[in-house]
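Trainee: I would like to see how this sequence folds:
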Amino acid sequence: MKVTDIACHILQSKVERPFTSARGWLYGTRASCIVEISTDAGITGWGECYGPAAVNKAVIETQYRGRVIGRDPFDVEVVWEDLYNRIKDYGATGFAITALSGIDIALWDVMGRATGKPIHKLIGGAHRTSVQAYATGLYFIDMDRLVEEAVEEALAYKEQGFRAIKMKIGLGDPKLDFQRVKAVREAIGPDVQLAVDANHCFTVPQAIRLGRMLEPLDLMWFEEPISPEDHEGYAEVTRALDMAVAGGENDFTRWGFRDIIAKKAMDIVQPDLCAAGGISECRKIAAMASAHGVECVPHAWGSAIGLAATVQWLAALPDTPPAFRPIPPMLEFEQTPNPLRDELAKQPIVQVNGMVQVPDAPGIGIEVDREALARWKVA
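Mentor: Here you go, the predicted model:
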């Protein structure tokens, strides 16, 4: 079997109620670059790239496509190394890797469909048949009701069955951040887990100060407190706080995570399958984390394709550490309105009582709805 073509689809949908995080970017649209790999066996594989869709499409079409056509999809790791070495002189991070991630996921999908096996079977088997999902939301929408809207949204997730929630912080005033998180914690009660995400908006002293204020609220983790480049700063924050510090969604490949994990600069690393190098590379990152006693809880943001691939990878991740009553890695289930997540799959990924079943269908485990693909396609 040989690859005969790679097509990139840019999908986009409008957001009815724009939202923002601590970075100040106003999300008015949701977009994604979807990778479709065709083969001479009539088997098609699907992948997704993290970040600005048009840039990923350009990288794939100008740098990667010609080097993948004609290759055997089962040589996925050989292809990965070839593409990485093609661009490592000028693209060892960022878009060069997010584009490579989409190709890698699609090749694994092809292999799964060719063998009739879900990806979790190809990478060692499933440690679990379902994964606990946590709802990511509580962005900033109505600046006059920041506390009230957070409480209302958190209670809605609890009503939907979620047993864990991640909320945004980083309002420029630590007292307001604390007030907002405290109000949510009191509303959802002690039995629903709660994490906070600052989208790397703080300095090291600011993160430590706010983290100490938040410690009594029993949080799962403090995500991306500081800039992703500052690994030494992460180590400072991690050592200073009596709560887990998480990060890594903006890091790439095993080399980007090597020093973070070796020095335990974070308690939890969060590689994104669609960004850090695809399934081939994220398996290596997770193995490295396990060897150093660092938890791996993947970041996920995008369409149904990236979400489904992440579920497959999560199924195959061992508990860290193994225990009589283990705490398995959780699935980030982003909850802002997004038809690319909810409508692109014929049978979308859903949660019931906070749990998501791991699909047993071949490849990433879902079938892409080509009518939905055409409906949201802009390029």
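Trainee: Going along the chain, name the strands of the stretch 251-379 of the chain.
Mentor: 268-269, 295-296, 331-334, 355-357 (DSSP state E, counting those that start in this stretch).
Trainee: can you list contacts of the first one?
Mentor: For strand 268-269, the surrounding residues in contact (CB atoms under 8 Å, 6 or more residues apart in numbering) are 221, 244-248, 251, 257, 260-261, 285, 289, 294-297. C-beta: built from backbone N, CA, C; applies to glycine.
Trainee: where exactly do the helices run in the stretch 201-350 of the chain?
Mentor: Secondary structure of the stretch 201-350 of the chain, counting by DSSP state H, counting those that start in this stretch: helices at 204-214, 231-240, 253-262, 278-291, 304-316, 339-342.
Trainee: Going by neighbour count, which residues of the second one are buried?
Mentor: Spelled out, it's helix 231-240. Neighbour-count burial for helix 231-240, counted by 16 or more other CB atoms under 10 Å, picks out His231, Gly233, Tyr234, Ala235, Glu236, Val237, Thr238.
Trainee: How about the fifth one: what's its closest non-neighbour residue?
Mentor: In this case it means Glu236. Nearest residue to Glu236 in three dimensions, chain neighbours excluded: Val204, at 5.3 Å (CB to CB, 6 or more residues apart in numbering).
Trainee: Pull the contacting residues for that neighbour.
Mentor: Val204 neighbours (CB under 8 Å, 6+ apart): Ile226, Asp230, Gly233, Glu236, Val237.
Trainee: For my notes, please list these in CSV and give pLDDT and distance to Gln132 for each entry.
Mentor: Formatted as CSV, the contacts of Val204 follow (pLDDT from 0 to 100; distance: CB to CB, whole Å):
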residue, pLDDT, distance to Gln132
Ile226, 98, 27
Asp230, 97, 31
Gly233, 98, 30
Glu236, 98, 31
Val237, 98, 26
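Trainee: Arg71: which of those is nearest?
Mentor: Asp230 (38.4 Å; CB to CB).
Trainee: Give me the neighbour count for the closest one.
Mentor: 17 (other CB atoms under 10 Å).
Trainee: same thing with Cys49?
Mentor: Cys49, neighbours per other CB under 10 Å, totals 31.
Trainee: What pLDDT is listed against it?
Mentor: If you check Cys49, the pLDDT there is 98.
Trainee: ok, what's across the strand from it?
Mentor: Beta bridges link Cys49 to Cys33 when assigned by DSSP bridges.
Trainee: show me the contacts for it.
Mentor: Taking CB under 8 Å, 6+ apart, one finds Ser32, Cys33, Val35, Asn56, Ile60, Thr98, Ala99, Ser101, Gly102, Cys274, Ala275 in contact with Cys49.
Trainee: Next, give me the two most distant ones among these.
Mentor: So, these by CB to CB: farthest apart are Ile60 and Ala275, at 14.3 Å.
Trainee: more crowded one of these two?
Mentor: More neighbours surround Ala275 than the other of Ile60 and Ala275, with 30 against 25 (other CB under 10 Å).
Trainee: For that one, grab phi and psi.
Mentor: Per-residue torsions, Ala275: phi -130, psi -40 (degrees, to the nearest 10).
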